[in-house]
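# pasted the sequence and its predicted model underneath.
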Amino acid sequence: MKKLPGAPFVARRGAELCLEGVPLDRLGADFGTPVFAYSGGAIAAALTAYQRALQGRRHLLCYAVKANSNLALLRRFATNGCGFDIVSGGELQRVLEAGATADRVVFSGVGKSRAEMVLALHSGVRCFNVESDSELSLLSDVAVAEGMTAAVSLRVNPDVDPRTHPYISTGLRGNKFGIAHDQAVATYRRAASMPGIRVAGIDCHIGSQITTIEPYLEALDRLLDLVEAVEREGIALHHLDLGGGLGIIYTDEEPPDPGVLIAAMLARIDQRGHGHREILVEPGRSLVGNAGVLVTTALVLKKGQERNFCVVDAAMNDLIRPALYDAWMAIEPCLLRSEPAATWDVVGPICESGDWLGRDRELAVREGDRLTVLSAGAYAMSMASNYNSRGRAAEVLVEGDRTTLIRRRETIDDLLAPERLG
Ligand code: LLP
């Protein structure tokens, strides 16, 4: 039997597709569909891989909240000693609500508003990852006005190709992210002279769904060159923030284990004489992506002249990755049927041709059957919308054979509440 993405936490037991000890067909029946389910065991295992590799180092593992921001998951990360990488005031309020302490939070993002800066300063976030000269000036002004000092690391753009999808590569010269490598020393000089700023470290993030170690090491070398140049100016850099970006398995990718990636980076850091620095990492997808699935129901089977459509009750508003990135995500029947498979385009009910979850899939499926999209723990629910006035799906945490509803399905009342007839 083929190994499924998410194994061993996602596995077939006979005909039944299970997440840990729970058959997903039953989960779909119990909670309704579409429904996201996450394996607590898979998340814990991914976290342990990072934590083991970082053991014995001064470090802070900052989970990138944007990958999946459900409060119950954030709570588990917080109680397991994680910090958080946030990109908005909303994410800050989420992690505080989940029990995080702000001194374990780093604030990333290319456009922070004044109000978000004030909120973050007063909450006591550990560091702002600053991405431009004008952000630096604004942050210094805001901090002075509030009678505070902002700890800062500059996010530098190393101009390295992460060899991933162009929408999710962020460390190339042509991207909107970071401060250009050859301007970074000048910006550090400015930062060190500003009244509201305290220079704390350096930061770099080159992209997402990266499946090889080489781009990381290339970026790291360029980062360390900069660290040396900045310190020659008499500006001390306390920590190195290595960003996130490690890929997961959607189909046949073979990303390195987090432990292997971190070990390779630490070895390079030591080799170059920077082993004394505190290490920050910001993984998102690799902590939750393979832990999650989306269970959906086949509503209509439509055999066409050119293509066969299996219309399911999940759509691009629930899972936009196929539509947005042409992403391939595995789709499995919850219960295997013995009859012969046909080729289907698995599509949602939304009024757009771009509303598809998978194309040309070999499936034995009948109307009413439940299907599961695998590797849907990251950038799925967190990117969901209410397009077509569809309430967002429910979310369930699976631990062993226990299921816990961690977000109820949105109702039409939830959707209408902010609106007025005028
Ligand atoms: N740190 C920063 C500054 C980031 O921008 C990101 C992701 C991360 C950390 C976490 O990266 P990860 O470990 O999750 O790769 N929606 C896209 C992915 C967008 C990633 C954005 N930044 C997708 O579905 O593939």
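The structure has been received and is ready for your questions.
# and the lowest-mean-pLDDT helix or strand in the chain, what does it pack onto?
Lowest on mean pLDDT, DSSP states H and E among the helices and strands of the chain sits strand 179-180, with a mean of 92. The contact analysis (3 or more Cβ pairs under 8 Å, 6 or more residues apart in numbering; DSSP states H and E) places strand 179-180 against strand 150-157. All C-beta spots, glycine's among them, are computed from the backbone N, C-alpha and C.
# same thing but at 10 Å, please
The contact analysis (3 or more Cβ pairs under 10 Å, 6 or more residues apart in numbering; DSSP states H and E) places strand 179-180 against helix 133-145, strand 150-157, helix 184-193.
# tell me the most buried of these?
Highest mean neighbour count among the helices and strands packed on strand 179-180 (mean count of other Cβ atoms under 10 Å): strand 150-157, with a mean of 26.
# that strand to helix 184-193, inter-axis angle?
Angle, strand 150-157 to helix 184-193, by axes from the mean of the first three to the mean of the last three Cα atoms, to 10 degrees: 170 degrees.
# ok, the closest residue to residue 21 other than its chain neighbours - contacts?
Leaving aside its sequence neighbours, residue 21 sits nearest to residue 401 (Cβ to Cβ, 6 or more residues apart in numbering; 3.5 Å). Neighbouring residues of residue 401 by Cβ atoms under 10 Å, 6 or more residues apart in numbering: 18, 20-23.
# contacting residues for residue 300?
Residue 300 makes contact with 309-313, 347, 349, 367, according to Cβ under 10 Å, 6+ apart.
# give me every residue in the stretch 51-200 of the chain lying close to the ligand.
Contact residues (Cβ under 6 Å from any ligand atom) of the stretch 51-200 of the chain with the ligand: 64, 67, 85, 108, 168.
# so which residue is smack in the middle of this structure?
Nearest residue to the geometric centre of the chain (Cα atoms, centre = their mean): residue 67, 2.4 Å.
# wait, that one sits on residue 380?
Yes. Taking contacts as Cβ atoms under 10 Å, residue 67 lies within contact range of residue 380: 9.2 Å.
# what touches both of those two?
Here residue 67 and residue 380 have 288-289, 292 as joint contacts, going by Cβ under 10 Å, 6+ apart.
# and residue 216, that's in a helix?
Yes. Applying DSSP: H, G, I helix; E, B strand; the rest coil, one finds residue 216 inside a helix.
# ok, it touching residue 261?
Yes. The criterion here is Cβ under 10 Å, and residue 216 meets it with residue 261 at 6.5 Å.
# any common contacting residues for the two?
Common contacts of residue 216 and residue 261 (Cβ under 10 Å, 6+ apart): 210, 242, 245-246.
# can you give me the strands for the stretch 301-422 of the chain?
Assigned by DSSP state E, counting those that start in this stretch, the stretch 301-422 of the chain shows strands spanning 308-312, 331-333, 342-347, 356-363, 370-373, 394-399, 402-407.
# how about those strands in CSV, adding mean pLDDT, distance to residue 267 and mean neighbour count?
Output for the strands of the stretch 301-422 of the chain, formatted as CSV (pLDDT from 0 to 100; distance: least, Cβ to Cβ, whole Å; neighbours: other Cβ atoms under 10 Å):
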stretch, mean pLDDT, distance to residue 267, mean neighbour count
strand 308-312, 98, 46, 21
strand 331-333, 98, 38, 21
strand 342-347, 98, 43, 20
strand 356-363, 98, 39, 17
strand 370-373, 98, 37, 27
strand 394-399, 98, 35, 22
strand 402-407, 98, 38, 15
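# need those strands in CSV with distance to the ligand, can you?
Shown next, in CSV, are those (distance: least, Cβ to the nearest ligand atom, whole Å):
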stretch, distance to the ligand
strand 308-312, 20
strand 331-333, 17
strand 342-347, 18
strand 356-363, 14
strand 370-373, 13
strand 394-399, 17
strand 402-407, 19
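# what's the separation between residue 214 and residue 162?
Look at residue 214 and residue 162: by Cβ to Cβ, to the nearest Å, they are 10 Å apart.
# between these two, who's got more neighbours?
Neighbour totals were compared for residue 214 and residue 162, and residue 162 leads with 25 against 13 (other Cβ atoms under 10 Å).
# ok, for the more buried one, nearest residue in space, not its chain neighbours?
By the measure of Cβ to Cβ, 6+ apart, the closest residue to residue 162 outside its immediate chain neighbours is residue 207, 3.5 Å from it.
# what's the burial count for the one you found?
Neighbour count for residue 207, taken as other Cβ under 10 Å: 26.
# is it true that it touches residue 284?
No. Look at residue 207 against residue 284 with Cβ under 10 Å: they stay out of range, at 12.0 Å.
# identify the contacts common to these two.
By Cβ under 10 Å, 6+ apart, residue 207 and residue 284 have these common neighbours: 244-245.
# what does the stretch 251-400 of the chain put close to the ligand?
With Cβ under 6 Å from any ligand atom as the criterion, the stretch 251-400 of the chain meets the ligand at residues 282-286, 321, 325, 379.
# list only those of those residues flagged as buried.
282-286, 321, 379 (16 or more other Cβ atoms under 10 Å).
# out of those, which is nearest to residue 115?
Each of these was checked against residue 115 using Cβ to Cβ; the closest is residue 282, at 23.3 Å.
# what does residue 11 show for phi and psi?
When read as degrees, to the nearest 10, the backbone of residue 11 gives phi -160, psi 160.
# helices along this protein, start to end?
Assigned by DSSP state H, the helices in the chain fall at 24-31, 40-54, 71-79, 89-97, 114-123, 133-145, 184-193, 214-232, 258-271, 285-288, 321-325, 412-416.
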